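1. can't give you the sequence, but here's the structure:
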């Protein structure tokens, strides 16, 4: 398996669950804190191509709730990419890249299928 990279925010509950899962199975991975390090436009574009921008937007978090109704209603790929770059906490967490696959959110059965 290629090098695994987990993208997210360290204090997020979903990130903590995913990290515990991988650590318990001794799966090597690196962690990219996109609140501190950001996410480049090409990476966001790759994720949108693989998963669709709708799946990448965290509609349960504070960042989404604080957006105006106008922005929420007019969301499209272009505005979603701009928003994810300027406010990375709107990206659903974690994003897990294995080199072959990109997973969004923590689903234990999906993670198990990788191992």
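-> That came in fine, so what should we check first? None of the values given here were measured: they were computed from a predicted structure.

2. quick check: which ranges of this structure have low pLDDT?
-> 1-2 (pLDDT under 70).

3. residue 115: neighbouring residues, count only.
-> A count of neighbours around residue 115, defined by other CB atoms under 10 Å, yields 9. Backbone N, C-alpha and C define where each C-beta goes, glycine included.

4. which residue is nearest the middle of the chain?
-> Within the chain, one residue has its C-alpha closest to the average C-alpha position: by CA atoms, centre = their mean, that is residue 95, at 3.4 Å.

5. right, and that residue touches residue 47 too?
-> Yes - between residue 95 and residue 47 there is a contact at 6.4 Å, judged by CB atoms under 8 Å.

6. who touches both of the two?
-> Any residue near both residue 95 and residue 47 by CB atoms under 8 Å, 6 or more residues apart in numbering counts here, and that gives 56, 102, 104.

7. beta-bridge partners for the second one, please?
-> Each beta-bridge partner of residue 102 is listed here, defined by DSSP bridges: residue 97.

8. what residues are up against it?
-> 46, 47, 50, 51, 95, 96.

9. ok, 10 Å please
-> Each residue near residue 102 by CB atoms under 10 Å, 6 or more residues apart in numbering is listed here: 5, 7, 46, 47, 49, 50, 51, 56, 95, 96.

10. closest one of those to residue 24?
-> Top of the list for closeness to residue 24, among the contacts of residue 102 and by CB to CB, is residue 96 at 15.3 Å.

11. for the closest one, give its distance to residue 17.
-> In this view, residue 96 and residue 17 are 12 Å apart by CB to CB, to the nearest Å.
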